[in-house]
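Trainee: Sequence first, then the predicted structure:
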Amino acid sequence: MDVLVPVNDSEPARAAVEHALEEYPDASITLLHVIDPNLSTYGEGGVYAYESLIESRKEGAEELLEELGELASDHDGTLTGEIVVGQPGREVVEFAEEGGHDHIIIGSHGRSGASRVLLGSVAESVARRASVPVTIVR
C-alpha cells in the first residue's frame, strides 16, 4: 500500500500524518509539501526575489518534513518526504497518479483564513479530482 499525505505546517496536516501512521502501519507513506509559486503570496517585491523566496520556502519545507518524520520513529513501513513547486491541488493529484499511490490522506484545511471555512480549497480540489480514495482528516 502506497499512501500520499500532503502536508503543510498546520494541525490538520499533522493529524493526517498521525492518521496515516496509525491506519497504515506497514505502508509506504510519502509526505508531500507543495510550494505555491503564486507571486501574490509574496507581495509586490516577490517577482524580483522569486528564486530566493522559493529557496527559502524549500528550506522551511525540509525542516517541516524532518519534524513530521520524527512522528514516525516507530513506523514499520517506509516514510519519505518530497517537495514540489506548483499549484497545490493540482500537484497533489498529479503526484499521486504519477507515483502510483493507492490512497491520499489530507488535512481538512491549511493555515489561510478564508480557506478554513468548513473544508479547505486544496482538500476539496484533491477530493474532487483524485482518481484514488481520499481521506480528509480534521
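Mentor: Structure received.
Trainee: just checking, next helix/strand downstream of the host helix or strand of Glu94?
Mentor: Using DSSP states H and E, Glu94 falls within helix 88-98. The element immediately downstream of helix 88-98 (helix or strand, assigned by DSSP H and E) is strand 103-107.
Trainee: Identify all contacting residues around that next one.
Mentor: 1-8, 10-16, 19-20, 23-24, 92, 96, 120, 122-123, 126-127, 130, 132-138 (Cβ atoms under 8 Å, 6 or more residues apart in numbering). Any C-beta I mention is one placed from the backbone N, CA and C, and that applies to glycine too.
Trainee: go again using 6 Å as the cut-off
Mentor: Strand 103-107 is contacted from outside by 3-6, 10, 12-13, 16, 19-20, 96, 123, 126, 130, 132-137, using Cβ atoms under 6 Å, 6 or more residues apart in numbering.
Trainee: Just the ones in strands from these, please.
Mentor: Those of the contacts of strand 103-107 mapping onto strands are 3-6, 134-137, per DSSP state E.
Trainee: Can you name the next helix or strand after the helix or strand bottoming out on mean pLDDT in the chain?
Mentor: Every helix and strand in the chain was compared by mean pLDDT, DSSP states H and E; the lowest is helix 50-69, with a mean of 91. Proceeding N to C from helix 50-69, the next assigned helix or strand is strand 79-85, under DSSP H and E.
Trainee: Now do the buried residues in that next one.
Mentor: Buried positions in strand 79-85, judged by neighbour count with 16 or more other Cβ atoms under 10 Å: 79, 81, 83.
Trainee: List just the nearest of those residues to Leu68.
Mentor: When the buried residues of strand 79-85 are ranked by distance to Leu68 (Cβ to Cβ), Gly81 comes first, at 7.6 Å.
Trainee: If that closest one is in a bridge, with which residues?
Mentor: For Gly81, the residues forming beta bridges with it (DSSP bridges) are Leu31.
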